[in-house]
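Enquirer: need coordinates for the below:
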Amino acid sequence: MAAFVDHPAIVFLLVHVLLIVAAAIGVFVLRRVAPLGDEERDDLNAVQGATFTLLALLIGFSVSMAVSRYDLRKSLEEAEANAIGTEFTRVDLADPHFRDPMRAALIRYTRLRLTEFQTRDTDARRRLGSEIAALQSELWQQATQVGKAQPTPIGALVVAGMNDVLNSQDYSEAARINHIPHGAWILMILIAVFGCAVQGYGAKGKRRVALLVTILPFTVSLSLALIADIDSPRGGIIRVQPQNLTRLLHSLEK
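Expert: Model (predicted):
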């Protein structure tokens, strides 16, 4: 399910086809199996209204959850850039033979984090993850050397700043794997399928049936694809742009 929702275009296509099939089953199968009488249409209308009201609520809540997660990823990217920039400034307090290697390592670290934000390929991200982990170990060793060489509040400030840099990366990665629960996706798709089938069962006239089979599945599947796009940090169009890391890297390289 996680791999499925990470590709909004695939979500749209598969859900669209599924809902068209559900509507067609309602039109061509359910009508023949259980013909709908006029006295039963009011009950069917009540079921339709309740089904689509519930679906609208679920879609609305899911959009809200996806947007909140997107905003969190944006704020954590900003916090990570601020942590790196602050530590780069604090390194000025260290002795010169510690300062220059730490500055160079922080610039390389910023470049790797920026590349990692912009990379979609799984294998490339895995390689970047290994490089980032190795560089984090190097940065921490440099910070501890400063703390041992300068056992003063200044050394503690440098060590604390490096700790913030490493923690900010963990927070960013944790936010990326925090998605809408799979149960919510399954429930939305099942209710949409049931709603399209019921709507097809109760549709009147060939024109209304044609509109139902085209418009309703399209709008519902488009809504679900939008949710998947916002909720996926790697796929789709709507992604967090690392503007703060880009700005920081330009500033550090100067």
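
Enquirer: so which elements touch the helix or strand containing residue 51?
Expert: Assigned by DSSP states H and E, residue 51 belongs to helix 41-90. Secondary-structure packing of helix 41-90 (3 or more Cβ pairs under 8 Å, 6 or more residues apart in numbering; DSSP states H and E): helix 96-118, helix 153-176, helix 182-202, helix 206-231, helix 243-253. To be clear about C-beta, it is placed using only N, CA and C from the backbone, and glycine gets the same treatment.

Enquirer: any idea which of these gets closest to residue 60?
Expert: helix 206-231 (9.6 Å; Cβ to Cβ).

Enquirer: so for residue 52, which of the helices and strands packed on helix 41-90 sits nearest?
Expert: Between residue 52 and those, the tightest spacing by Cβ to Cβ is seen for helix 182-202, at 5.4 Å.

Enquirer: that closest one vs helix 206-231, what angle?
Expert: Relative orientation of helix 182-202 versus helix 206-231 (axes from the mean of the first three to the mean of the last three Cα atoms, to 10 degrees): 170 degrees.

Enquirer: where does the prediction get shaky in this protein?
Expert: 1-4, 31, 34, 36-39, 205-210 (pLDDT under 70).

Enquirer: how many neighbours does residue 11 have?
Expert: Residues lying near residue 11 (other Cβ atoms under 10 Å) number 25.

Enquirer: still on that earlier bit, just put the helices and strands packed on helix 41-90 in a markdown table and tack on distance to residue 127 and mean neighbour count.
Expert: Shown next, in a markdown table, are those (distance: least, Cβ to Cβ, whole Å; neighbours: other Cβ atoms under 10 Å):
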| stretch | distance to residue 127 | mean neighbour count |
| --- | --- | --- |
| helix 96-118 | 10 | 17 |
| helix 153-176 | 16 | 17 |
| helix 182-202 | 29 | 19 |
| helix 206-231 | 26 | 18 |
| helix 243-253 | 19 | 15 |
